[in-house]
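Chemist: I would like to see how this sequence folds:
(one chain, ligands or ions: 1)
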Amino acid sequence: MTDYEVVIGLELHAQLATRTKLFCGCSTAFGAPPNSQTCPVCLGMPGVLPMLNRAAFDHVVRTALALHCRIDPETAMDRKNYYYPDLPKNYQISQNARPIGVDGWFDMESGGSIKRVRILNVHLEEDAGKLIHPEDTGAATSRVDLNRAGTPLVEIVTGPDLRSVEEAKAYMESMRQFLVALGVSDCKMQEGSLRFEASISLRPFGQEKLGPRVEIKNVNSVRFVLGALECEIRRQTELLNRGESVPQQTVLYDVRHDETRPMRSKEHAEDYRYFPEPDLVPLHLSPERLEAIRATIPELPLARKQRFMQCLGLSSYDAGILVEDPAIAGYFEACAALHADAKAVSNLITNEVLRELKERRLTIDAFPVRPEGLADLLRRMDAGEVSKTVARDVLTEMVATGRGAGPIIEAKGLRQIGDEAVLRALVLQAMQQNPKAVSEVRAGKSKARGALVGPVMRATQGKADPGLINRLIQELLNRPSSGE
Ligand SMILES: [Zn+2]
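Modeler: This next block holds a predicted model:
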């Protein structure tokens with residue numbers, strides 16, 4: 001079996017974070033009753049005129065700038081003509097000849113190193129509506145919901161630079177984080193705010209010429225894109241191994257049967273009969289406006305992650321978790337500004353705070369423990385007032401009641417037991433009750449130590465100082481013949 005090099009390019013559509021649609025004042029809010037957010041403009045009635053949403057345009061300029069694109073100061077919208085039941089105008093307003101940004105790049109982490117992916121084109125366009133096929137109800141009709149029609153989208157097209165399914169996955173995940181951090185899209189895939197289309201071809205290793213592209217359409221989750229890519233790699237490898245060629249075409253991914261099926265032969269750009277949108281004037285972007293938009297670009301996830309690692313000493317794993325959500329990263333930074341041990345702050349957030357948020361379905365902005373409260377708890381842990389185990393319960397109580405760590409520790413009598421005489425007696429008891437663990441620890445099996453620490457922790461409801469217990473175990477072990 002011949003091995004082939006996999007060549008993948010990805011096209012992304014993200015719904016821009018605007019309150020209204022691209023050419024009318026209809027709301028873009030998700031979940032409204034079908035066709036309730038429509039007007040003559042987005043229904044494609046004759047005689048209406050589109051008016052461009054300035055915020056949507058700025059979002060695309062911001063995206064193109066953050067992707068290091070060349071920005072065209074004079075861009076224009078084009079008509080892409082095609083007929084589809086969820087596109088009442090019979091054309092889509094998009095950009096073809098003069099996209100807002102071209103020739104950029106995006107750095108992402110994949111397999112432990114940084115990979116640069118070329119960005120060919122970043123442009124603005126409107127979304128179509130949504131067809132609903134209630135086949136499972138036995139209905140013979142399909143329905144259309146035009147609430148999405150005219151929703152502003154940014155389209156980002158990569159070069160054929162991804163070389164494996166893993167790289168495609170890394171791209172989709174880092175792009176999502178990037179767009180959320182940039183504030184241009186909420187990227188909620190379950191609401192259709194972020195969609196991917198992939199093109200994939202195979203070629204023998206060492207061959208420069210690209211093989212025929214197969215495009216995969218209509219996949220609405222990262223997992224399905226990856227499933228579809230794996231299917232195509234299998235299918236194309238089989239064709240090539242049999243000496244057949246792969247036809248250039250568009251395929252659909254059938255999730256249920258985990259297979260790809262041809263949809264249509266690929267249309268070419270000329271089939272769309274692109275022409276300049278006559279109802280909109282060209283868009284002029286002044287240098288001042290460009291710089292004003294550039295100034296709104298925040299620190300982006302990869303740079304932030306690298307800073308957390310280099311300046312604050314976090315591991316790649318921990319920093320990666322924190323930057324996944326810019327609000328979490330901001331909370332971490334606010335806490336780290338109040339408490340010098342960034343690693344301890346990160347541990348408490350990645351382990352306990354994220355668990356609390358998940359269990360209570362809260363966002364960090366609505367989290368009742370503010371950075372001051374968390375830093376206070378950390379200081380009490382440092383001072384030995386509470387053990388790590390107890391701190392966890394204190395935090396839960398802080399979230400549930402909104403009270404500070406101090407009053408909770410006092411009221412519940414959670415202060416750590418650091419009384420050596422009390423603990424020494426308990427340790428001795430644990431050793432007498434478990435001579436097997438004692439001899440194992442003596443023999444160098446440090447894991448057996450847990451069998452001695454456990455009973456002391458249970459006897460004190462987790463309030464014993466673990467450092468002190470360990471010191472006492474060592475001390476008692478070192479005593480010649482401790483009465484076994
Ligand atoms: Zn409308």
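
Chemist: Now do Arg70 against Leu290, distance only.
Modeler: 12 Å (C-beta to C-beta, to the nearest Å). Heads up, the C-betas are built off the backbone N, CA and C, glycines and all.

Chemist: go on, Glu299?
Modeler: In terms of C-beta to C-beta, Glu299 sits 20 Å off from Leu290.

Chemist: how about the nearest residue to the residue in the stretch 301-450 of the chain positioned nearest to the ion, chain neighbours excluded?
Modeler: Nearest residue of the stretch 301-450 of the chain to the ion: Thr363, at 30.0 Å (C-beta to the ion). Among residues not flanking Thr363 along the chain, Ala327 sits closest, at 6.8 Å (C-beta to C-beta, 6 or more residues apart in numbering).

Chemist: tell me which strands and helices the helix or strand where the one you found lies is in contact with?
Modeler: For Ala327, the host element (DSSP states H and E) is helix 326-338. Applying 3 or more C-beta pairs under 8 Å, 6 or more residues apart in numbering; DSSP states H and E, one finds that helix 326-338 contacts helix 301-312, helix 316-323, helix 342-347, helix 371-382.

Chemist: correct me, but the residue nearest to Thr363 touches Phe367?
Modeler: No - between Ala327 and Phe367 there is no contact under C-beta atoms under 8 Å: 9.6 Å.

Chemist: out of those two, which sits in the busier spot?
Modeler: Higher neighbour count among Ala327 and Phe367: Phe367, with 19 against 13, using other C-beta atoms under 10 Å.

Chemist: Touching, the more buried one and Glu352? I think so.
Modeler: No - using C-beta under 8 Å, Phe367 is not in contact with Glu352; the gap is 11.4 Å.

Chemist: Number of residues surrounding the residue of the stretch 151-300 of the chain found nearest the ion?
Modeler: Taking C-beta to the ion, the ion has its nearest neighbour within the stretch 151-300 of the chain at Thr151, 9.8 Å off. As a burial measure, Thr151 scores 26 neighbours (other C-beta under 10 Å).

Chemist: What's the separation between the residue lying closest to it once chain neighbours are set aside and the ion?
Modeler: Spatial nearest neighbour of Thr151, excluding adjacent residues (C-beta to C-beta, 6+ apart): Asp127 at 4.1 Å. Counting by C-beta to the ion, to the nearest Å, the gap from Asp127 to the ion is 12 Å.

Chemist: for Asp127, what are its contacts?
Modeler: Taking C-beta atoms under 8 Å, 6 or more residues apart in numbering, we find Asp127 in contact with 13, 15, 148-153.

Chemist: ok, and the most crowded of those?
Modeler: Gly150 (30 neighbours).

Chemist: could I have the longest strand anywhere in the chain exported to PDB, CA atoms only?
Modeler: The longest strand of the chain (DSSP state E) is strand 113-126. The C-alpha coordinates for strand 113-126 follow below in PDB (Å, rounded to 0.1, in the frame of the first residue of the first chain):
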ATOM      1  CA  SER A 113       5.200  23.100  17.800                       C
ATOM      2  CA  ILE A 114       4.000  26.200  16.100                       C
ATOM      3  CA  LYS A 115       2.600  25.800  12.600                       C
ATOM      4  CA  ARG A 116       2.000  28.700  10.200                       C
ATOM      5  CA  VAL A 117      -1.100  28.400   8.000                       C
ATOM      6  CA  ARG A 118      -1.500  30.700   5.100                       C
ATOM      7  CA  ILE A 119      -4.700  32.700   5.000                       C
ATOM      8  CA  LEU A 120      -5.600  33.400   1.300                       C
ATOM      9  CA  ASN A 121      -8.700  35.500   1.800                       C
ATOM     10  CA  VAL A 122     -10.900  37.100   4.500                       C
ATOM     11  CA  HIS A 123     -14.200  38.600   3.400                       C
ATOM     12  CA  LEU A 124     -17.600  39.700   4.300                       C
ATOM     13  CA  GLU A 125     -20.800  38.100   3.100                       C
ATOM     14  CA  GLU A 126     -24.400  37.400   4.100                       C
END
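
Chemist: So Arg70 and Leu290 - more neighbours on which side?
Modeler: With neighbours defined as other C-beta under 10 Å, Arg70 and Leu290 compare such that Leu290 has more, 14 against 10.

Chemist: Show me the helices in the stretch 1-150 of the chain, by range?
Modeler: Using DSSP state H, counting those that start in this stretch, the helices of the stretch 1-150 of the chain run over 54-66.

Chemist: Can you pull the residues of it lying near the ion?
Modeler: 24, 26, 39, 41-42 (C-beta under 5 Å from the ion).

Chemist: How about the contacts made by the most centrally placed residue in the chain?
Modeler: The residue lying closest to the centre of the chain (C-alpha atoms, centre = their mean) is Gln177, at 4.5 Å. Shown in contact with Gln177 (C-beta under 8 Å, 6+ apart): 301, 323-324.

Chemist: for Val339, phi and psi?
Modeler: Careful, residue 339 is His and not Val. Taking degrees, to the nearest 10, you get phi -140, psi 120 for the backbone angles of His339.

Chemist: any idea how far the spatially closest residue to it that is not a sequence neighbour lies from Leu348?
Modeler: Nearest residue to His339, sequence neighbours excluded (C-beta to C-beta, 6+ apart): Ala375, at 4.4 Å. Using C-beta to C-beta, Ala375 is found at 10 Å from Leu348.

Chemist: Check Asn147 too.
Modeler: With C-beta to C-beta as the criterion, Asn147 and Leu348 are 42 Å apart.

Chemist: what does Asp186 give?
Modeler: In terms of C-beta to C-beta, Asp186 sits 27 Å off from Leu348.

Chemist: Which one's more surrounded, those two?
Modeler: Shown here are Asp186 and Leu348; by other C-beta under 10 Å, Leu348 has more neighbours (24 against 16).

Chemist: elements contacting the lowest-mean-pLDDT helix or strand in the chain?
Modeler: For the chain, using mean pLDDT, DSSP states H and E, the weakest element among its helices and strands is strand 259-265, scoring a mean of 79. Packed against strand 259-265, as judged by 3+ C-beta pairs under 8 Å, 6+ apart, are the following elements: strand 214-219, helix 222-241, strand 249-254.

Chemist: So for Glu167, which of the ones you listed sits nearest?
Modeler: Across the helices and strands packed on strand 259-265, Glu167 has its closest neighbour in helix 222-241 (10.3 Å, C-beta to C-beta).

Chemist: so what does that closest one touch, helix or strand wise?
Modeler: Helices and strands touching helix 222-241, by 3+ C-beta pairs under 8 Å, 6+ apart, are strand 4-15, helix 165-182, strand 194-204, strand 214-219, strand 249-254, strand 259-265.

Chemist: How many neighbouring residues does the residue nearest to Met175 when sequence neighbours are not counted have?
Modeler: Spatial nearest neighbour of Met175, excluding adjacent residues (C-beta to C-beta, 6+ apart): Leu12 at 6.1 Å. Residues lying near Leu12 (other C-beta under 10 Å) number 22.

Chemist: residues touching Leu12, list them.
Modeler: Contacts of Leu12 by C-beta under 8 Å, 6+ apart are 155-157, 172, 175, 194-197.

Chemist: Let me have those residues in JSON lines, adding distance to the ion and pLDDT as columns.
Modeler: Below are those laid out as JSON lines (distance: C-beta to the ion, whole Å; pLDDT from 0 to 100):
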{"residue": "Glu155", "distance to the ion": "21", "pLDDT": "98"}
{"residue": "Ile156", "distance to the ion": "25", "pLDDT": "98"}
{"residue": "Val157", "distance to the ion": "27", "pLDDT": "98"}
{"residue": "Met172", "distance to the ion": "30", "pLDDT": "96"}
{"residue": "Met175", "distance to the ion": "29", "pLDDT": "97"}
{"residue": "Leu194", "distance to the ion": "22", "pLDDT": "93"}
{"residue": "Arg195", "distance to the ion": "21", "pLDDT": "92"}
{"residue": "Phe196", "distance to the ion": "27", "pLDDT": "93"}
{"residue": "Glu197", "distance to the ion": "26", "pLDDT": "93"}
